[in-house]
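K.L.:
Using only what follows, build the 3D model:
(chains A and B)
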Amino acid sequence: MQAKKTNGSGNGHGGKVKGANEWRVKVGLAEMLKGGVIMDVTNAEQARIAEKAGACAVMALERVPSDIRKEGGVARMAAIKVIREIMNTVTIPVMAKVRIGHFSEAEVLQALEVDFIDESEVLTPADEENHIWKHDFRVPFVCGARNLGEAVRRIAEGAAMIRTKGEAGSGNVVEAVRHMRTIVSEMKRLTTLRDDEIMRTAKEMGAPLDLLREIAKTGKLPVPNFSAGGIATPADAALVRRLGAEAVFVGSGIFKSSDPETRAKAIVKATTHFEDPKAILEACEELGEAMPGIDVRQLEEKELLSTRGW
Amino acid sequence: MKIGILAIQGDFAAHAAMLRSLGAETAEVRRVKDLADCDGIILPGGESTTQLQFLKEEGLFEAIRKFAKQGGAVFGTCAGAILLAARVKNPEQDSLGLLDMTVLRNGYGRQLASDVFFEVSKLKKEPLEMVFIRGPIIEEVGKGIEVLALHEGKPALVEKGNILAATFHPELTDDGSVHEHFLKLAGSHVAAASQPR
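P.N.:
Numbering: from 1, shown residues only, chains lettered A, B, ... in the order given. Take a look at the predicted model:
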């Protein structure tokens, strides 16, 4: 019912029918992905494995976050040839990442007709001041957030889905947990406030009042709220689902593990049966080694991906 | 009346909200046992490949077929309509085969082709709002299937007996008429089952 509630609000088109409908099919596709796992893939073969394992969508990118972290340099939108091959290989939705603020990369992906664009902190930002004005696009966008203010700013710019930033490529779920708990508890608090107090919160959060008032009424974001950044095991996926994530993105966690196919399937299973420990146990039974993890506290400020964007 | 909603993956929460607004009780179905006391089941939108895999692993594939054969009402939207079809194309894949029809997956193309339309239907006087999201196309229907609404000349809402399928998403609109219609189907099943034999 989220699509219904958001219809015509916060879409920057003044409630015109055309704009409202565009917004609904954007949020509508995000609704269709709920309960599922969106997997990072870097080539058509990985995309095929992901689809076979039950991924509800794939995210095409040049390198998985843990490699970006290791190799450094500038991380950009993936090569068109690779994205096209992935689109031709699978029937599930194909997403692709663009650099924060890089609306030309986004225009290219829209021309390519990808199904969803991730304006992502995992890539090297192209603009340190501004994010993309996403209402200008017909393709839906997902954006990362660490807290409610950031989530609501992205929604105001036209994001049809929010995901926690977490700390991508770390294999460490701690930041995704922190961001999901923060967003959820800030929403809970909002539901207890009077309108005059919401105005003050809007000022403090740097977030638009109308969207905050809507969240104060419903206790939920007006778009689906997913989790990403450091999810590496079936239990990680179940944990973020328990904390309020409506679906899960897995980046390096699958194809950097010792057993991508089994692990992909196991994470899909745990994401659906997140409230059933026996099912999660079954999912974990056959697993080998997870990707190597990083203690996020040992990372230097400049190595953090989650602090990119605002 | 209690309606189960297949909650493997997809927009099951939107269906639940719509049914509750119409006064029906809902239950999330992830296991065969969740179907036990349901009068009907909804197969929501989402990814049919993901859903199909779980249906088979959980034994729900056979359980839903049995539920329908015993007269339980089944309503599939988008991916759910694909699962109900006897024949699936683009690519070929297995399905429950509860409706004699041929369905083309992603019939209109990718997300950029997703849109909202208003079409005439047999459910009510006013046009029915249809939200299509990477929707399938019903290419042909067999004998005995009633077409309740068309979009661009192709069946978009069809039914036969206790089985209803839509290639669009009524659960994403404010219009409850398709779900109301489904509740009637489920209700007539309840009434028939409680008749002395």
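
K.L.:
OK, now which residue of chain B is nearest to chain A?
P.N.:
Using Cβ to the nearest Cβ, the single residue of chain B nearest to chain A is B:A17, 3.5 Å away. For glycine as for every other residue, the C-beta is placed from the backbone atoms N, C-alpha and C.

K.L.:
Need the contact partners of the host helix or strand of that residue.
P.N.:
Assigned by DSSP states H and E, B:A17 belongs to helix B:12-21. Identification of contacts with helix B:12-21 by Cβ atoms under 8 Å, 6 or more residues apart in numbering or on different chains yields A:1-4, A:31, A:34-35, A:246, B:3, B:5-6, B:26, B:28, B:42, B:44, B:46, B:77, B:169-172, B:176, B:179, B:183.

K.L.:
quick one on the thing from earlier: so how many other residues sit close to the residue of chain B closest to chain A?
P.N.:
A count of nearby residues for B:A17, using other Cβ atoms under 10 Å in any protein chain shown, gives 16.

K.L.:
What separation is there between it and A:S258?
P.N.:
Note on B:A17: its distance to A:S258, by Cβ to Cβ, to the nearest Å, is 42 Å.

K.L.:
all strands of the stretch 1-150 of chain A, in order?
P.N.:
Secondary structure of the stretch 1-150 of chain A (DSSP state E, counting those that start in this stretch): strands at A:37-41, A:57-60, A:94-99, A:116-120, A:141-145.

K.L.:
Can I get those strands in TSV including mean pLDDT and mean neighbour count?
P.N.:
Formatted as TSV, these follow (pLDDT from 0 to 100; neighbours: other Cβ atoms under 10 Å in any protein chain shown):
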stretch	mean pLDDT	mean neighbour count
strand A:37-41	97	29
strand A:57-60	97	28
strand A:94-99	98	27
strand A:116-120	98	26
strand A:141-145	98	27
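
K.L.:
would you turn these into TSV with distance to A:K188?
P.N.:
Formatted as TSV, those follow (distance: least, Cβ to Cβ, whole Å):
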stretch	distance to A:K188
strand A:37-41	26
strand A:57-60	29
strand A:94-99	30
strand A:116-120	27
strand A:141-145	16
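
K.L.:
Kindly reformat those strands as TSV and extend each row with distance to chain B.
P.N.:
As requested, the strands of the stretch 1-150 of chain A are exported to TSV (distance: least, Cβ to the nearest Cβ, whole Å):
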stretch	distance to chain B
strand A:37-41	9
strand A:57-60	7
strand A:94-99	8
strand A:116-120	7
strand A:141-145	12
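
K.L.:
check contacts around B:S121.
P.N.:
For B:S121, the contact set (Cβ under 8 Å, 6+ apart) comprises B:127-128, B:148-149, B:157.

K.L.:
Compare the residues you listed and tell me which is most surrounded.
P.N.:
The residue in the contacts of B:S121 with the most neighbours, by other Cβ under 10 Å, is B:L157 (27 neighbours).

K.L.:
Show the average pLDDT along the helix or strand hosting B:A63.
P.N.:
Using DSSP H and E, B:A63 falls within helix B:60-69. Across helix B:60-69, the average pLDDT comes to 97.

K.L.:
Check which residues of that helix are buried.
P.N.:
Going by neighbour count (16 or more other Cβ atoms under 10 Å in any protein chain shown), the buried part of helix B:60-69 is B:60-61, B:63-64, B:67-68.

K.L.:
Next one: the closest residue to A:A207 other than its chain neighbours relative to A:L190, how far apart?
P.N.:
In space, and not counting its chain neighbours, A:A207 is closest to A:V152: 3.9 Å by Cβ to Cβ, 6 or more residues apart in numbering or on different chains. Distance, A:V152 to A:L190, using Cβ to Cβ: 10 Å.

K.L.:
overlap in contacts of these two?
P.N.:
The contact sets of A:V152 and A:L190 overlap at A:212, A:215 (Cβ under 8 Å, 6+ apart).

K.L.:
more neighbours, the two?
P.N.:
Comparing A:V152 with A:L190 by other Cβ under 10 Å, the one with more neighbours is A:V152, at 30 against 21.

K.L.:
Would you confirm that that one belongs to a helix?
P.N.:
Yes - counting by DSSP: H, G, I helix; E, B strand; the rest coil, A:V152 is part of a helix.

K.L.:
ok, it - contacts?
P.N.:
A:205, A:207-208, A:211-212, A:215, A:221.

K.L.:
Now with 7 Å, please.
P.N.:
Counting by Cβ atoms under 7 Å, 6 or more residues apart in numbering or on different chains, A:V152 touches A:205, A:207-208, A:211-212.

K.L.:
Cross those residues against helices and list the overlap.
P.N.:
Judged by DSSP state H, helices contain the following of the contacts of A:V152: A:205, A:211-212.

K.L.:
Relative to A:E128, which of these is nearest.
P.N.:
Taking Cβ to Cβ as the measure, A:E128 lies nearest A:M205 of these, at 20.3 Å.

K.L.:
Is it correct that the closest one is in contact with A:R146?
P.N.:
No - at 11.9 Å, A:M205 does not count as touching A:R146 under the criterion of Cβ atoms under 7 Å.

K.L.:
quick one, helices of the chain?
P.N.:
The chain I'm using is chain A. Going by DSSP H, chain A shows helices at A:2-6, A:17-32, A:44-53, A:65-71, A:80-89, A:103-112, A:148-157, A:174-190, A:195-205, A:209-218, A:234-242, A:252-255, A:260-272, A:277-284.

K.L.:
You answered for a different chain; I wanted chain B.
P.N.:
For chain B, applying DSSP H gives helices covering B:12-21, B:48-58, B:60-69, B:79-84, B:177-194.

K.L.:
and the last one, what's its mean pLDDT?
P.N.:
Mean pLDDT, helix B:177-194: 85.

K.L.:
Got the confidence number for the residue of chain B closest to chain A?
P.N.:
Looking at B:A17, its pLDDT reads 97.

K.L.:
cool, and the one 4 residues further on?
P.N.:
B:S21 is assigned a predicted lDDT (pLDDT) of 97.

K.L.:
Can you report how many residues neighbour whatever residue of the stretch 151-300 of chain A ends up closest to chain B?
P.N.:
Residue nearest to chain B within the stretch 151-300 of chain A: A:T272 (5.3 Å; Cβ to the nearest Cβ). Neighbour count for A:T272, taken as other Cβ under 10 Å: 25.

K.L.:
List the residues that contact it.
P.N.:
A:35, B:8-9, B:30, B:54.

K.L.:
Chain neighbours aside, what residue packs nearest to A:V98?
P.N.:
Spatial nearest neighbour of A:V98, excluding adjacent residues (Cβ to Cβ, 6+ apart): A:E105 at 4.0 Å.

K.L.:
so what pLDDT did residue 102 get?
P.N.:
Using chain A here. 98.

K.L.:
my bad, the chain I had in mind was chain B
P.N.:
The per-residue pLDDT reported for B:T102 equals 98.

K.L.:
any idea how far it is from A:D259?
P.N.:
Distance of B:T102 to A:D259, computed by Cβ to Cβ: 38 Å.

K.L.:
so who does A:R308 touch?
P.N.:
By Cβ under 7 Å, 6+ apart, the residues touching A:R308 are A:100, A:121, A:125.

K.L.:
Narrow those to those that are buried.
P.N.:
Those of those that meet the buried threshold are A:100, A:121, A:125, by 16+ other Cβ under 10 Å.

K.L.:
Which residue lies closest in space to the last one, excluding its sequence neighbours?
P.N.:
In space, not counting the residues next to it along the chain, A:P125 is nearest to A:I100; the distance is 4.1 Å by Cβ to Cβ, 6+ apart.

K.L.:
I'd say that neighbour and A:D118 touch.
P.N.:
No - applying Cβ under 7 Å, one finds A:I100 not in contact with A:D118, separated by 10.3 Å.

K.L.:
Can you give me the pLDDT of the residue nearest to B:S121 when sequence neighbours are not counted?
P.N.:
Once flanking residues are discounted, B:S121 sits nearest to B:A149: 3.7 Å by Cβ to Cβ, 6+ apart. B:A149 carries a pLDDT score of 98 in this model.
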